[in-house]
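> I'll drop the sequence and a predicted model, then ask my questions.
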Amino acid sequence: MRSPFCYPPLGQHVKPLTLAAVLAVLGAAPGTARAADPGQPGGAKPPRDPAQIFATTCGWCHHQGGRQAGKGPQLMGTRLSDGEIVQRIRKGKQGFMPGYEGAFSEEELAGLVRYIRGLRPR
Amino acid sequence: MQRWHEAARRAALAATVALATTAWAEMHGGDVTHERIREADKRAGDWLTYHGTYKGWHYSGIDQINSKNIDKLRVAWTHAMPRSVRGLQSMPLAANGVLYYSGSYNQVFALDGASGEVIWYYRQKLNEDLVSKQTHSPYNRGIALGLGHVYMGTLDGKLVAIDMKTGRLVWETKLIDSERLTVGFTGAPLFVKDKVIIGSQGGEWPYRGPIFGVDARTGQEVWKFYTVGGNDGTQSDARNTWGNDTWLTGGGGGWMAGGYDAETDTVWWGTGNPAPLYDWSGADWMTAGARPGTNLYTTSVIGLDPESGELKAYHQELPHDAWDYDSAVGEFLMLERRGKKYIVHPNKSGFVFVYDRKGKVQNVWRLVKNINFVQDIKTDGTLVGRRDLTEGEHKNLCPFIAGGISWNAGSYNPRTGLYYKVGNEWCMDLTVKRTVPILEPMAQLNIGADFSLVNPQGEKAHGRVAAHDPLTGAKKWEVRFPEPPLASLLSTAGNLVFVPDARGILRALDASSGRELWKHNNGQGHNGGIISYLGKDKKQYVAVATGWGGLAGDDYANFFGPPFNTFPKDSGVLVVFALP
């Protein structure tokens, strides 16, 4: 199993999507098997880069990559424990933040914690 | 002469039909038909569809409340929507003295418009686990009336029809696989003829943003138009405007209710941005980056046949939108001047587009001062001096992601000939990053940048309400606000413009001069609709949605401070005003 603290460099996953791969993931092609789920045990895909996950999904609310409050709070220097951060990502907070239970693998959640802990002023 | 007689005979027949239609409607509990909405101008006491009438003016022809007696306006009654997470963002509707309105978690009330007494209450059974995972949720922005039903799109991807008299569910149809795509419906449907038309959420979600046409009687899906790439194998097929098969994950949801031009029988709809919002291609966007090409039909206005959903016309307001300045604003003002007919549509970028009724650009004018994603947009719609972004940091991109123009509606007043509209003056710093769509196990937002709200250079962020000529953009007056108001506006035959501002103050301005005539503090911010109607007592009422917590307003607490950092985000109250 890949170490939760070992991530591919930024950009490794940035490849043009093939039609077959996307159809498989969206389940749009009849008879096409769904791609392996990285959130499930035995999932074949490597974890996604946490900085990229952040820019894809989280930066909408946590500005400057989490360095500044926006719709959501500043994450840089958060007093939440690692476990509390993971729990907040999983469960969200009604009216403030959606839950991402099942959206990210355990490794990816750990990566997001590491990303947040590593935030420094620009 | 014979021709004149024939014309007169047809006119008389049409008048008879109209009278008979009205009489039939009264006999049958005031059923809302296509014809009745089409003739809504002749019955100013109703508010039958999201944009007021098919003309899309957000204007009330009632003048009991006017600039001479506005100082006497008082709260008549209020109604609290349960479970109002993220406030009340919907546009109420009114028919025959009954007020209908929706709230978070797909709840609907029918209330006596004069007293506020509850006639019925409907609560949709939702997939709550899914809803808890949605970002643009759990609010609902509006409903539609037609054929004895109240229609509503649900957070988990269904369209439902509720009996207008009893509040009982008549039918429900699953249209979106929200469990995989995460998004559902938050915008209002549009009832046209015997169809209910509704657009999916999802500018930033990786799918194809369909707009659906559904049989209003049975709930059967009749047609679907993919705003990303058009419909495969038809004349609208434009998948070749998306390099690397990126049409499969293109976004483009038309999430706000559009308009209808009864004269050409065309539904006009504004589409969302492509995903990811920010592209790293720079100037090579036709061949490189996240989604090479023009990315039809995102950030476009599209004209659809209401019967078939076939594309009749379109204009892409921003080819290859690389900034999330989409066309999803649902306002399509149907106007006529000196014998020529127009459609006016505001774009999120802060530009207002003027079209003929076939979708050909006639003019483009600036509502907002702080715009620098392009140097200009020419009067024929051509973008000049695009600021295409590359990977890395960019300072002072204007306007901010929430738009120079937000999704709530302005108002056109035929008596003054002026178009009242909120403009937002704010900018952003951002760092563009390469992303790939997250598709499993559930699709996620695909933004493509880290960003922050900043003041425009040389001034503080602010908003304004201005009165413009809707075709030329000539400005008659403006009123500045310390923060952009985020609610819809209402103008009336009483020479009034109602402005529900962000701080919770409802203001009435003189429609001719912009002078403030009256104000009332509703105690929490406004981020939804406002209408006027006649109660069964034949008195004029003004109903406004209150409650804070929308996506644009969520930035206010941090950026503007008080009072926004004290507003509840789980309160939604409909406040209704009348003269004593």
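That came in fine, so what should we check first?
> use CA for all of it now, contacts and neighbours both
Noted.
> any idea where the helices of chain A begin and end?
Listed in chain order, the helices found in chain A under DSSP state H are A:19-26, A:50-53, A:82-91, A:106-117.
> of those helices, flag the one that's most buried.
Neighbour counts (mean count of other C-alpha atoms under 10 Å in any protein chain shown) averaged over each of those peak at helix A:50-53, with a mean of 23.
> that helix and chain B in contact?
Yes - for helix A:50-53, a contact with chain B is found by C-alpha under 8 Å from any C-alpha of the partner chain, at A:52-53.
> which elements pack onto that helix?
Where contact means 3 or more C-alpha pairs under 8 Å, 6 or more residues apart in numbering or on different chains; DSSP states H and E, helix A:50-53 is packed against helix A:106-117.
> does the helix it packs on come close to chain B?
No - on the criterion C-alpha under 8 Å from any C-alpha, helix A:106-117 is out of touch with chain B, staying 12.5 Å away.
> now that helix: average pLDDT?
Regarding helix A:106-117, the rounded mean pLDDT is 95.
> quick one, what contacts the residue in the stretch 1-150 of chain B that chain A sits nearest to?
In the stretch 1-150 of chain B, the residue that lies nearest chain A is residue B:133 (4.6 Å; C-alpha to the nearest C-alpha). Under the criterion of C-alpha atoms under 8 Å, 6 or more residues apart in numbering or on different chains, the neighbours of residue B:133 are A:92, A:98-101, B:182.
> of these, closest to residue A:52?
residue A:100 (15.7 Å; C-alpha to C-alpha).
> now for the closest one: which residues touch it?
Contact analysis of residue A:100 by C-alpha under 8 Å, 6+ apart lists A:89-92, B:133.
> what bridges to residue B:152?
When assigned by DSSP bridges, residue B:152 has beta-bridge partners residue B:160.
> from residue B:199, how far off is it?
Remark: distance between residue B:152 and residue B:199 (C-alpha to C-alpha, to the nearest Å) = 11 Å.
> have a look at those two and say which one is more surrounded.
residue B:199 (34 against 31; other C-alpha atoms under 10 Å in any protein chain shown).
> tell me the pLDDT of that one.
For residue B:199, the pLDDT comes out at 98.
> surely it and residue B:211 touch.
Yes - the criterion here is C-alpha atoms under 8 Å, and residue B:199 meets it with residue B:211 at 4.2 Å.
> so what sits against both of the two?
Counting by C-alpha under 8 Å, 6+ apart, the common neighbours of residue B:199 and residue B:211 are B:253-254.
> for residue B:244, give its distance to residue B:431.
Applying C-alpha to C-alpha, the value for residue B:244 to residue B:431 is 24 Å.
> the helices of chain A into CSV, with extra columns for distance to residue B:102?
Output for the helices of chain A, formatted as CSV (distance: least, C-alpha to C-alpha, whole Å):
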stretch, distance to residue B:102
helix A:19-26, 32
helix A:50-53, 34
helix A:82-91, 26
helix A:106-117, 36
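> mind checking pLDDT for the residue of the stretch 1-150 of chain B closest to chain A?
Note on residue B:133: pLDDT of 93.
> a helix runs through it, doesn't it?
No - according to DSSP: H, G, I helix; E, B strand; the rest coil, the state of residue B:133 is coil, so it is not within a helix.
> residues near residue B:116, how many?
Counted with other C-alpha under 10 Å, residue B:116 comes out at 18.
> how about it: what's its closest non-neighbour residue?
Computed as C-alpha to C-alpha, 6 or more residues apart in numbering or on different chains, the closest residue to residue B:116 that is not its neighbour in sequence is residue B:77, at 6.2 Å.
> which residues does that neighbour bridge with?
Under the criterion used (DSSP bridges), residue B:77 bridges to residue B:576.
> mind listing what the most centrally placed residue in chain B touches?
With distances taken as C-alpha atoms, centre = their mean, residue B:330 lies nearest the centre of chain B, 3.8 Å away. Contact partners of residue B:330, counting by C-alpha under 8 Å, 6+ apart, are B:256-259, B:269-270, B:345, B:407, B:409.
> mind running it again at 10 Å?
Under the criterion of C-alpha atoms under 10 Å, 6 or more residues apart in numbering or on different chains, the neighbours of residue B:330 are B:50-51, B:56, B:187-188, B:254-259, B:268-271, B:301, B:345-347, B:407-409.
> distance of it from chain A?
Residue B:330 sits 23 Å away from chain A, going by C-alpha to the nearest C-alpha, to the nearest Å.
> now that residue. Nearest residue, chain neighbours left out?
Using C-alpha to C-alpha, 6+ apart and skipping residues adjacent in sequence, the residue nearest residue B:330 is residue B:258, 4.5 Å away.
> tell me, how many residues neighbour that neighbour?
30.
> now it: how far from residue B:370?
27 Å.
> low-confidence regions, the chain specifically.
Defaulting to chain A. A:1-44 (pLDDT under 70).
> actually, chain B is the one I wanted.
Confidence mapping of chain B against pLDDT under 70 gives the ranges B:1-30.
> same thing but 90
B:1-30, B:41-44, B:202-206, B:435-445, B:450-451 (pLDDT under 90).
> tally up the residues packed near the nearest residue to residue B:568 once chain neighbours are set aside, please.
Nearest residue to residue B:568 in three dimensions, chain neighbours excluded: residue B:548, at 6.8 Å (C-alpha to C-alpha, 6+ apart). Residues lying near residue B:548 (other C-alpha under 10 Å) number 30.
> go ahead and confirm residue B:548 touches residue B:522.
No - with contact defined as C-alpha atoms under 10 Å, residue B:548 does not count as touching residue B:522 (11.6 Å).
> can you name the residues bridging to residue B:91?
Counting by DSSP bridges, the residues bridging with residue B:91 are residue B:142.
> that one reaches residue B:186, doesn't it?
No - Residue B:91 lies out of contact with residue B:186 (C-alpha under 10 Å); the separation is 11.9 Å.
> which neighbours do these two have in common?
When C-alpha under 10 Å, 6+ apart defines a contact, the residues bordering residue B:91 and residue B:186 alike are B:140-143.
> relative to residue B:46, how far out is residue B:76?
Taking C-alpha to C-alpha as the measure, residue B:76 falls 18 Å from residue B:46.
> who's more crowded, the two?
Between residue B:76 and residue B:46, counted using other C-alpha under 10 Å, the more crowded position is residue B:46 (27 against 17).
> got the contact list for the more buried one?
B:37, B:40, B:52-53, B:60-62, B:93-99, B:531-535 are the contacts of residue B:46 under C-alpha under 10 Å, 6+ apart.
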